[in-house]
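Provided below are the primary sequence and the corresponding predicted coordinates.
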Amino acid sequence: MNSWLKQLVDFRGWLTTGAAWHWYSLTTVSLSGLLLVALFFLVTSQGLSYFWPDAVDEWIVTGVVADSEPTGSSGTQRLFATMLEQRQVDIPRADGDILTVRGQELLLEFQVIQGDTFDRRYQWFSDHRIVRVSRPESILEVSFKDGRRVYGYPLVLNLEQPVEGRSLTQLLRNNGWREILQQNDLDEIVDQPIANTAELVLRLQNGDDLTISLDQVRQLVFPNEAGWSYRLGQFLQNIWAFLSTGPMPDYQGGILTAIYGTVLLVLLMTIILVPLGVITAVYLHEYASNNLLTKILRIAISNLAGIPGIVYGVFVLGVFVYGMGAQLDKLFFSDNLPLPTFGAGGLLWASLALALLTLPVVIVATEEGLARVPNDLRRGALALGATRSEMIWGTVVNAASPAILTGLILAIARAAGEVAPLLLVGAVKYTGQPLIQGEFPFVHVERQFMHLGYQVYDFALQSTNAHASVPLAYATTLILLALVVLLNLVAIRLRARLRRRFLVDFS
């Protein structure tokens, strides 16, 4: 008993010394760091795997596969597919009114490319239906200019008299075209311009032959071509295509439009946010007296930081979109009514919603920065003949500019990934209207826009094709994180320059 009491006293003493809380803090920080690294690894690995070129296997299977075939058809069929998952399942057996397990069966999930277009379908097959699996290097992937893709075996290349146009090398790039065609020697024609009427005959998986006009082709690729250099080149090309093209149907194309929308949203939010937040913070700290009203204002600002983002979206929708926007339409855009201009969600109202959402962050950070400016600096400016306004805006605010940018960095980090208010005030899954044009007013802030965070939400939760959309959601999340980090690095770099300039000016 005495030993137990001694251990208890020692434990209480260890708690009172504060050493326990040091270990607790170290443990929580370590766990947070591990979770952050795990999250980054998950998003990075899953996002980059979306761009890695997949090999296409030829599967010979038995039974009904294609939806177009009649039920009960037999024989073997050829599929171009990629296996995704294996799963062991129980086979039920009816014993009277009781179901028992007869045995187990291995099910394979395929990503099947069917038809004469790139239409991926996902289906489970029993392993006993697989006759043969091979990975022919001669399978060709044809990418069209409109985003479609076709897979098959190239049979014949018909070339007429060459005219002005792209050469076959430009189409094939460095994809290692081999001598697999039957009627032409590619070593002699590969660098010649392609005739506008040149055609390629492709044997599809169902046995049909498809004739393709090469003037409609963007790229020819052998997905099963061996070599890391080839796959790395395709990997980089896929990333560039994803970043430099707009969206296409069936989860094809890229996210260039969403990147534009996200960057413009953050820039417009910054233009609205910084003046409003700085002016409010300067008034509270430099002009207003420390009375009951300012205390209530500070409490209200602190509480605003905890309000969910969707509340700001509802507020902007009701007050600004349906209220102010409708009045602007009546005054300046009556010719367009009943179609709304500013009376519907758009880039301007979404920026305003995010500015209101992040306003408390900038106000608190700016006021803390103003509080750290020494009073000797204020008195010195006044002693040199500066007015109070010149002292505040020319000296104090300049000295607090790193704190202002710190608040802006925190605001960008939160606003760039915010989705809830954008659902109500202008973000859409797809829009064909450009936000930037070469004629006045150049930037159309009244139009709906695409946003990376909204795209992640749509891909992850709204799609009926999870196999195609979830990898795309990871890739979009990776790009969104990279964009947020890039915007923050720009702000951090600017903050460092302002801090160095301040030290030089007042040293």
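All right, it came through fine.

After the helix or strand bottoming out on mean pLDDT in the chain, heading C-terminal, what element do we hit next?
Least confident helix or strand of the chain, by mean pLDDT, DSSP states H and E, is helix 186-189 with a mean of 48. Once the chain leaves helix 186-189, the next helix or strand it forms, by DSSP states H and E, is strand 199-203.

Report all helices and strands that that next one contacts.
Applying 3 or more CB pairs under 8 Å, 6 or more residues apart in numbering; DSSP states H and E, one finds that strand 199-203 contacts strand 140-144, strand 149-158, strand 209-213. Backbone N, C-alpha and C define where each C-beta goes, glycine included.

Can you give the domain ranges for this structure?
Using automatic domain parsing, the domains assigned to the chain come out as 57-134, 140-226, 256-505.

how far does the first one stretch from start to finish?
Across domain 57-134, the terminal residues are separated by 6 Å (CA to CA, to the nearest Å).

Leu406: what's it in contact with?
Actually, residue 406 is Thr rather than Leu. Listed by CB atoms under 8 Å, 6 or more residues apart in numbering, the contact set of Thr406 reads 365, 369, 495.

again, only this time at 10 Å
Residues in contact with Thr406 (CB atoms under 10 Å, 6 or more residues apart in numbering) are 361-362, 365-366, 368-369, 400, 491-492, 495.

His285 too?
Neighbours of His285 in contact, by CB under 10 Å, 6+ apart: 294, 363, 366-371, 373, 392, 396, 400.

hmm, 8 Å instead?
367, 370-371.

Wait, a strand at it?
No: assigned with DSSP: H, G, I helix; E, B strand; the rest coil, His285 falls outside any strand and is helix.

what about it, distance to His451?
According to CB to CB, to the nearest Å, His285 stands 34 Å off from His451.

ok, of the contacts of Thr406, which come out buried?
Burial by neighbour count, judged by 16 or more other CB atoms under 10 Å, picks out 361-362, 365-366, 369, 400, 491, 495 from those.

And the residues you listed, which is closest to Ser463?
Val361 (32.8 Å; CB to CB).

other SSEs contacting the stretch of helix or strand the closest one belongs to?
Assigned by DSSP H and E, Val361 belongs to helix 347-372. Contact partners of helix 347-372 among helices and strands, from 3+ CB pairs under 8 Å, 6+ apart: helix 256-282, helix 292-304, helix 309-316, helix 401-415.

Please enumerate the strands of the stretch 1-150 of the chain.
For the stretch 1-150 of the chain, applying DSSP state E, counting those that start in this stretch gives strands covering 57-62, 76-95, 98-114, 119-126, 130-134, 140-144, 149-158.

Those strands: lowest mean pLDDT?
For the strands of the stretch 1-150 of the chain, mean pLDDT drops lowest on strand 98-114, to a mean of 55.

if we can go back for a sec, let's have the contacts of His285 in JSON lines, adding neighbour count and distance to Ala281.
Conversion of those to JSON lines gives the following (neighbours: other CB atoms under 10 Å; distance: CB to CB, whole Å):
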{"residue": "Glu367", "neighbour count": "23", "distance to Ala281": "4"}
{"residue": "Leu370", "neighbour count": "21", "distance to Ala281": "6"}
{"residue": "Ala371", "neighbour count": "11", "distance to Ala281": "10"}
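
picking that back up, kindly compare burial across the helices and strands packed on strand 199-203 and name the winner.
strand 140-144 (a mean of 20; mean count of other CB atoms under 10 Å).

Now for Val425: which residues touch it?
In this structure, Val425 makes contact with 313, 316-317, 321, 345-346, 349-350, 353, judged by CB under 8 Å, 6+ apart.

which parts of the lengthiest helix in the chain are buried?
The longest helix of the chain (DSSP state H) is helix 466-505. By 16+ other CB under 10 Å, the buried positions in helix 466-505 come out as 468-481, 483-484, 487-488, 491, 495, 498, 502.

Now the phi/psi pair for Lys429, please.
Per-residue torsions, Lys429: phi -70, psi -40 (degrees, to the nearest 10).

what sits against it?
Here Lys429 is in contact with 450, 454-455, 458, 462 (CB under 8 Å, 6+ apart).

most neighbours, which of the residues you listed?
With neighbours taken as other CB atoms under 10 Å, the top of the contacts of Lys429 is Gln455, carrying 28 neighbours.

Surely that residue is in contact with Ala258?
Yes: applying CB atoms under 8 Å, one finds Gln455 in contact with Ala258, separated by 5.1 Å.

Now do the shared contacts for those two.
Jointly contacting Gln455 and Ala258 under the rule CB under 8 Å, 6+ apart are Thr476.

pLDDT below threshold where in the stretch 401-507 of the chain?
Low-confidence segments of the stretch 401-507 of the chain (pLDDT under 70): 464-468, 501-507.

Arg218: neighbouring residues, count only.
Neighbours of Arg218 using other CB under 10 Å come to 14.

Tabulate the CA atom coordinates of the helix or strand Leu236 falls within in PDB.
Using DSSP H and E, Leu236 falls within helix 228-244. The C-alpha trace of helix 228-244 is given here as PDB (Å, rounded to 0.1, in the frame of the first residue of the first chain):
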ATOM      1  CA  TRP A 228       9.600   4.100 -68.500                       C
ATOM      2  CA  SER A 229      10.600   7.000 -70.700                       C
ATOM      3  CA  TYR A 230       7.600   6.400 -72.900                       C
ATOM      4  CA  ARG A 231       5.200   6.200 -69.900                       C
ATOM      5  CA  LEU A 232       6.800   9.200 -68.200                       C
ATOM      6  CA  GLY A 233       6.300  11.200 -71.400                       C
ATOM      7  CA  GLN A 234       2.700  10.200 -71.500                       C
ATOM      8  CA  PHE A 235       2.300  11.000 -67.800                       C
ATOM      9  CA  LEU A 236       3.600  14.500 -68.300                       C
ATOM     10  CA  GLN A 237       1.500  15.000 -71.400                       C
ATOM     11  CA  ASN A 238      -1.600  13.900 -69.500                       C
ATOM     12  CA  ILE A 239      -0.800  16.400 -66.700                       C
ATOM     13  CA  TRP A 240      -0.400  19.200 -69.200                       C
ATOM     14  CA  ALA A 241      -3.600  18.300 -71.100                       C
ATOM     15  CA  PHE A 242      -5.400  18.200 -67.800                       C
ATOM     16  CA  LEU A 243      -4.200  21.700 -66.900                       C
ATOM     17  CA  SER A 244      -4.500  23.300 -70.300                       C
END
